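Asks: Okay, predicted coordinates and the sequence, questions at the end:
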Amino acid sequence: MTVPQLLLCLSLSMLCISSKPTEKKDRVHHDPQLSDKVHDDAQNFDYDHDAFLGADEAKTFDQLTPEESKERLGKIVSKIDEDKDGFVTVEELKDWIKFAQKRWIYEDVERQWKGHDLNEDGLISWEEYKNATYGYIL
């Protein structure tokens, strides 16, 4: 092997070593948090309340009397019990929590869309997006 070939091999080796990523990527898909509240069942059930009802619906329930809250929860449990056997399974509860979270996401997207669609034509132009997002800077 000649000196130029040796230098080329050494340079390529150094390039490969130095180009190795230093940041370890997390390859596990994590589910989004069900609530921004602390999950501590020993102290309170606010996290579960948000996860079960959705954040907006949980705020509504906070304003109800205990009797009204119990009545509404009974109606919700009837919706959760998909097979109508009188019991809520873990799978039915998981499905409901996913449904509640998706509903909140879709409602939030709708709110955001309306906030950015300044001329209310059902489309968001780049100008509308810039004005709605960065308008206070311009």
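Replies: Alright, I've got the coordinates.

Asks: going forward, measure contacts and count neighbours with C-alpha atoms only.
Replies: Fine.

Asks: for the longest helix anywhere in the chain, what is the average pLDDT?
Replies: Ranked by residue count under DSSP state H, the longest helix found in the chain is helix 90-116. Mean pLDDT, helix 90-116: 89.

Asks: which of the residues in stretch 81-97 are buried?
Replies: 81-82, 88, 92-93, 96-97 (16 or more other CA atoms under 10 Å).

Asks: quick one on the thing from earlier: tell me the helices and strands packed up against the longest helix of the chain.
Replies: On a contact count with 3 or more CA pairs under 8 Å, 6 or more residues apart in numbering; DSSP states H and E, helix 90-116 meets helix 46-53, helix 66-80, helix 126-134.

Asks: Compute the inter-axis angle for it and helix 66-80.
Replies: Interaxial angle of helix 90-116 relative to helix 66-80 (axes from the mean of the first three to the mean of the last three CA atoms, to 10 degrees): 100 degrees.

Asks: how much space is there between residue 113 and residue 96?
Replies: Per CA to CA, to the nearest Å, residue 113 is found 26 Å from residue 96.

Asks: I misspoke; the intended subject was residue 105.
Replies: Counting by CA to CA, the gap from residue 105 to residue 96 is 14 Å.

Asks: cool, residue 135 as well?
Replies: In terms of CA to CA, residue 135 sits 39 Å off from residue 96.

Asks: With residue 52 instead?
Replies: Separation of residue 52 from residue 96 (CA to CA) stands at 7 Å.

Asks: Now do the domain split for the protein, please.
Replies: Split into domains by the TED database, the chain comes to 35-79, 87-137.

Asks: how many other residues sit next to residue 107?
Replies: Using other CA atoms under 10 Å, residue 107 has 12 other residues around it.

Asks: so where's the chain uncertain?
Replies: For the chain, applying pLDDT under 70 flags the ranges 1, 10, 14-44, 136-138.
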